[in-house]
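Novice: With the input below, show me the fold.
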Amino acid sequence: MLTFNLTHLGAVEGGAALRPVILLIAALLLVWGGHMIILTASFTFRTRDAARIALAQIVPRWGFSLGILSLLVISSFLVVAVSEFAVLLLLWAAVALFALMARPVIDDVAARFTHSPTGS
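Specialist: Coordinates of the predicted model:
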């Protein structure tokens, strides 16, 4: 819906003023989605708990959030400058970087939100 609205802002009076707001909302949703991917792939939280934890991790784990945005900017540039095929060819590198950047987030979530058994 956001991309549709972003595409057709010219049809609305004052649509240019809405462009930064829509771009900011889209960027926040993509970063939140990146955090959600890591949480749902690494843990077995309920969906609503994973969504809350992901939202709570956006600012404290700002390095990972900026990493997600960086991968999105690089992918967008490759699509515009070269083609979608270039993104598909380099997808292995993006996934490897994503997994590498996610290690501190996974460690933090495991320490703060999971129960480790203490049976000795």
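
Novice: and Ala17, what pLDDT?
Specialist: As predicted, Ala17 sits at a pLDDT of 84.

Novice: element containing it, please.
Specialist: According to DSSP states H and E, Ala17 maps onto helix 15-42.

Novice: which helices and strands does that helix pack with?
Specialist: helix 2-7, helix 47-57, helix 62-81, helix 91-113 (3 or more C-beta pairs under 8 Å, 6 or more residues apart in numbering; DSSP states H and E). Heads up, the C-betas are built off the backbone N, CA and C, glycines and all.

Novice: Just name the shakiest helix or strand of the protein by mean pLDDT.
Specialist: Ranked by mean pLDDT, DSSP states H and E, the weakest helix or strand in the chain is helix 2-7, scoring a mean of 81.

Novice: which residues are contacting it?
Specialist: Helix 2-7 has contacts (C-beta atoms under 8 Å, 6 or more residues apart in numbering) with 18-19, 22-23, 25-26, 29.

Novice: now those residues as TSV including neighbour count and distance to Leu55?
Specialist: Shown next, in TSV, are those (neighbours: other C-beta atoms under 10 Å; distance: C-beta to C-beta, whole Å):
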residue	neighbour count	distance to Leu55
Leu18	13	24
Arg19	12	24
Ile22	16	20
Leu23	12	19
Ile25	13	14
Ala26	15	16
Leu29	11	11
